[in-house]
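# Show me how the following folds:
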Amino acid sequence: MQLEIDHEQKELKPHGSYEFPVLISYERLSYFDTKEFLWHWHPEIELTLVLEGDIAYRVNDTLYHLKAGEGLFCNTNVLHTGCRLHEEDCSYLSITFHPRFLYGYSSSIMQSKYMSHILKSPSLSSIHFAPEVKWQNKVLKRLEQIRKLDIKRGPSMELKIQVALLKIWQQIYEHTGSGDMAGTENGRDTERIRQIMEYMQDHYAEKITLEDLAEQVHLCKSESCRLFKRYMNETMFEYLLDYRIERSLELLRQSGLDVTGVAGRVGFGDPGYYARIFKRKMGCTPLEYRKNRGC
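Okay, the predicted model is just below:
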């Protein structure tokens, strides 16, 4: 599968419903065609509990190596991505919920006193939960509790999940001043990264120059390159190639285009170069991918 995102990197998958804005899902990196999930963001909070294996999880410019039994808080509206380490698979529990599930209605004390400053803080993009830290271990146990509640599906499941999430938030609220929070990113820089990525997504099928990208954020070419590399841990050119390959997967599965046609449709003028980049990323040729997918 592939992650569904729009041109602004926002994830399109619904995270629960209006009545119960919580999504509990069980994921594996091997479920994704590229064995990683793309950079994306969403207005919901996401809590992750690693069940098996390891994952390289990046939130904005912070990279985490999460192991089984560890977890992560990912704040609202922050860019994040994850990939395998050492070619091994990773399974994890993802709990995604809208903040209103905890604070109720707009301008409530729950929102203004206990949540807003955390949700809007550029220095609280993420928190790594490790079992050896006492308060974080309590959070991890609550995540495990939610997993069991979801499996059992008892008559008061929704109520107990809300209580567990409130207790997790209490721990986060009480420890956000402890100095062990990750991330010191600048909000303006994060927005610039989004603008660059949005431009590449809108124009990936066309010829894109470094001048085009730098112009989007009103920086010189060298500064825009440094900014993107620092936050994304890859160059803008590498990101563009990866995105073009991602876009080509659906065409290989569902269209009647030959490889040359697919390459041209996603911005590769040379089908041979497309095939080389494809094999480097996917571990097979475009034709092998099409055949293995039954296309």
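# On the three-state scheme, Pro43 is what?
coil (DSSP: H, G, I helix; E, B strand; the rest coil).
# list the contacts for it?
Applying CB atoms under 8 Å, 6 or more residues apart in numbering, we find Pro43 in contact with Thr76, Asn77, His98. Using the backbone N, CA and C atoms, a C-beta is placed for each residue, glycine as well.
# How much space separates the spatially closest residue to the second one that is not a sequence neighbour from Glu215?
By that I understand Asn77. Distances taken as CB to CB, 6 or more residues apart in numbering place Trp41 nearest to Asn77, at 5.4 Å, with adjacent residues excluded. Trp41 sits 23 Å away from Glu215, taking CB to CB, to the nearest Å as the criterion.
# higher neighbour count, those two?
Trp41 (22 against 13; other CB atoms under 10 Å).
# Quick check, the more buried one in contact with Val78.
Yes. Assessed by CB atoms under 8 Å, Trp41 is found in contact with Val78 at 5.9 Å.
# follow-up on the earlier one: ok, now how distant is the residue nearest to Asn77 from Cys74?
9 Å.
# And Ala214, by the same measure?
On the measure of CB to CB, Ala214 and Cys74 end up 29 Å apart.
# Tell me which of those two has more neighbours.
Higher neighbour count among Ala214 and Cys74: Cys74, with 23 against 20, using other CB under 10 Å.
# for the stretch 1-150 of the chain, what spans make up the helices?
For the stretch 1-150 of the chain, helices defined by DSSP state H, counting those that start in this stretch occupy the ranges 100-103, 109-114, 116-119, 134-152.
# so what's the nearest residue to Gln162 once chain neighbours are set aside up against?
Nearest non-adjacent residue to Gln162, counting by CB to CB, 6+ apart: Phe101, 6.7 Å away. Applying CB under 8 Å, 6+ apart to Phe101 gives the contacts Phe20, Pro21, Val22, Gln162, Leu165.
# Now render these as TSV, adding neighbour count, distance to Val262 and pLDDT.
Output for the contacts of Phe101, formatted as TSV (neighbours: other CB atoms under 10 Å; distance: CB to CB, whole Å; pLDDT from 0 to 100):
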residue	neighbour count	distance to Val262	pLDDT
Phe20	14	41	90
Pro21	17	38	91
Val22	20	38	94
Gln162	15	47	97
Leu165	20	44	97
